[in-house]
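> Quick one: sequence and predicted model below, then my questions.
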Amino acid sequence: MACLLPIVSRTRRLVRREVVARPWIPLVPWGSLVIAGVYFVAGKVGLTLASVHPSATTVWPPTGIALAATLLLGYRVWPALFAGAFLVNVTTAGSAWTSLGIASGNTLEALLGGWLVTRFANGCQAFDRTRNILTFVALAGLLSPVVSATVGVASLSLGGYVSWEQVGAIWLTWWRGDVVGALVVAPVLILWGTDRTVHLTRARALELVLLLGSVFLVGWVVFGGPSSRTSGYPLTFLCTLPLAVAAFRFGQREAATCVALLAGVAVWATLQGAGPFGRYAQNESLLLLGAFIGTMAVATLLLAALVKELARLAEIVKTSEDGIVATIGKTPDGIITTWNAGAERLYGYAAYEVMGRPISILIPPEHRDEMSMILERLARGEKVDHYETVRVAKDGRRIAVSVTVSPIRNAAGRIVGASAIARDITDHKRAEAATRERDALRHVAGLAAAAAHEINNPLTALVGQAQLLERTLDLEERRRVEEILEAAARIANIVFRMTRVTELDLIDAGPYVPQMLDLSKSSQPAGRSARR
């Protein structure tokens, strides 16, 4: 994992979404009727499990339905949720006024949960990361139901339908029922609502059918049907196996579906008095079962999210252009345990050629002391970031690289190896060298321009005076003046070559600089044609 951290730190920033999914039911009147109708039916089913009071149940699916509808369709669904909640309660117990209070509490619970999840857990994408899942559980699963339970119980109490001695038990039952709905029902609806595509090959479809069958079978064995011989045995640990398989093999959507299926089997069996929770009174049995199912739901969602995160990080590592190498061992000859495609392109070795071999195969002899130095810095807790060095490729090429090194620690926190992300900076180094060479040539050009200016002015005066003097002299003296003029012409040619160096900004001067600065050619005697 340590080798992934530097990449993860450069990745993708989380963008929160206020509108999290395109609704599949437009909120025209009939769409609102559908939502209200589903809420009403789910509420009636949930209230069949009520025991301490007709309006309080240990399993309340409408909480999950309302939360999912709010996140998927937006806050505009509140009239449909309010209508469904009112109809459920007004046809169950109490009066119209108490039903209005309970419906208000249920609606506020959904709106508050939707706002909190959108604000703090990335809305419908809350199940993509473990941290967001925990935030979802805390805010939508545990906090928001407090509103519904408090307002609902207060409405019944003020209406005279609940005595003060019953308030505590009813409130706890109400709250736990809403928690189960939020943790079991809402994730299934949200995950299927945000991704409704199904791509299954024949083999994959068969595997999914077998998985669902195994979940049902395990639920039957663990919670025991009425005629099951395993009824009452503490076999709840068996539930983790098919749920873990669902998380690893299919992902969060199917894993949440398996949790819901298991919950359905468990509730049905417990109502029959079977299973590890069936030996108690109905309300106590369902409260214990709700706590178990809620725990399994959260654990399964966390496991599925972790698997998804690891798969995403593995894909980043696989497709990274940087070479990622992890080694195990506290010596410079640590054994290579990770080798991605970027490392293959960078060093030329295939993974099978280097896995299990010492990291020293990549380090030139003159740089062997580097690994000891790097491991010493890691042991002191120092960060080794963008360390520029040289490595050796499979074909013997020397590669300039920038290396970021992170420690690999065991469960006790001790450093057992190192991971390195290497980036090829050979072209960068060449560009730096070219820049330095160009800067040096510009400096030379500046000196040449200054020297040419200082020479050219007196040279022009000298040539002019010599030419004037030549007209007044006899033949022998003219020959000597001509020699002076020829020497001046050679000096002028040298000055001309020096001035050409100043044109480096306009041309690629590299090939021409030796010729420009080859003064020996300009020192050769020139003919009279050089004279002006």
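Perfect, I can see it now.
> Counting neighbours, what do you get for residue 375?
22 (other C-beta atoms under 10 Å). From N, CA and C alone the C-beta is placed, and that goes for glycine too.
> Sorry, slip of the keys, the one I care about is residue 97.
Using other C-beta under 10 Å, residue 97 has 12 neighbouring residues.
> Could you find the closest non-adjacent residue to it?
Closest residue to residue 97 apart from its sequence neighbours, by C-beta to C-beta, 6 or more residues apart in numbering: residue 159 at 6.4 Å.
> Against residue 44, how distant is the one you found?
Here residue 159 is placed at a distance of 21 Å from residue 44 (C-beta to C-beta, to the nearest Å).
> what about the residue nearest to residue 97, distance to residue 55?
11 Å.
> got any residues that touch both of the two?
residue 94 (C-beta atoms under 8 Å, 6 or more residues apart in numbering).
> Who has more neighbours out of those two?
residue 55 (23 against 16).
> got a list of what that one touches?
47, 89, 92, 93, 94, 102, 152, 156, 161, 174.
> Equivalent analysis for residue 261, please.
Contacts of residue 261 by C-beta under 8 Å, 6+ apart are 212, 215, 216, 219.
> Check which helix or strand residue 309 maps to.
helix 282-319 (DSSP states H and E).
> Quickly note the distance from residue 312 to residue 128.
9 Å.
> between those two, who's got more neighbours?
Legend: neighbour count by other C-beta under 10 Å for residue 312 and residue 128, higher for residue 128 (19 against 16).
> can you give me the mean pLDDT across stretch 190-199?
Stretch 190-199 shows a mean pLDDT of 88.
> which of the residues in that stretch are buried?
By neighbour count on 16 or more other C-beta atoms under 10 Å, the buried set for stretch 190-199 is 190, 191, 192, 193, 194.
> Can you tell me what sits against that stretch?
Under the contact criterion C-beta under 8 Å, 6+ apart, stretch 190-199 has outside partners 20-21, 24, 67-68, 71-72, 124-127, 252-253, 256-257.
> give me that answer again for 10 Å
Contact with stretch 190-199 is made by 20-24, 64, 67-69, 71-73, 117, 123-128, 136, 204-205, 208, 251-257, 301, 304, as judged by C-beta atoms under 10 Å, 6 or more residues apart in numbering.
> buried subset of these?
Buried among these by 16+ other C-beta under 10 Å: 20-21, 64, 67-69, 71-73, 117, 123-128, 136, 208, 251-257, 301, 304.
> quick revisit: looking at the buried residues of stretch 190-199, spot the one nearest residue 281.
Closest to residue 281 out of those is residue 190 (33.4 Å), distances taken as C-beta to C-beta.
> how far away is the closest one from residue 148?
Noted for residue 190: a distance of 19 Å to residue 148, by C-beta to C-beta.
> got it, and residue 336?
Taking C-beta to C-beta, one finds residue 336 at 56 Å from residue 148.
> From what I see, residue 481 and residue 466 are in contact.
Yes: counting by C-beta atoms under 10 Å, residue 466 is a contact partner of residue 481 at 5.4 Å.
> Contacts only, for the residue nearest to residue 97.
Neighbouring residues of residue 159 by C-beta under 10 Å, 6+ apart: 93, 94, 95, 97, 98, 99, 101, 102.
> List the residues that contact residue 200.
Contacts of residue 200 were listed using C-beta under 10 Å, 6+ apart, and they are 206, 207, 208, 209, 250.
> Correction: the previous question concerned residue 215.
Taking C-beta under 10 Å, 6+ apart, we find residue 215 in contact with 239, 241-243, 245-246, 257-262, 265.
> so residue 399 is in which element?
Residue-wise, residue 399 maps onto strand 398-409 under DSSP H and E.
> Which other helices and strands does the helix or strand following that strand contact?
On the C-terminal side of strand 398-409, the nearest following helix or strand under DSSP H and E is strand 415-424. On a contact count with 3 or more C-beta pairs under 10 Å, 6 or more residues apart in numbering; DSSP states H and E, strand 415-424 meets helix 5-8, strand 323-328, strand 335-339, helix 341-347, helix 369-379, strand 384-392, strand 398-409.
> Of all these, which one comes closest to residue 235?
If you check each of the helices and strands packed on strand 415-424 against residue 235 by C-beta to C-beta, strand 398-409 wins as the nearest, at 37.2 Å.
> Show me which of the helices and strands packed on strand 415-424 has the highest average neighbour count.
strand 323-328 (a mean of 24; mean count of other C-beta atoms under 10 Å).
> Now do the contacts for residue 113.
Contacts for residue 113 (C-beta under 10 Å, 6+ apart) come out as 63-64, 66-68, 70-71, 136, 139-141, 143-145, 147-148, 178, 182, 186.
> Could you give the secondary structure assignment for residue 85?
What DSSP: H, G, I helix; E, B strand; the rest coil gives for residue 85 is helix.
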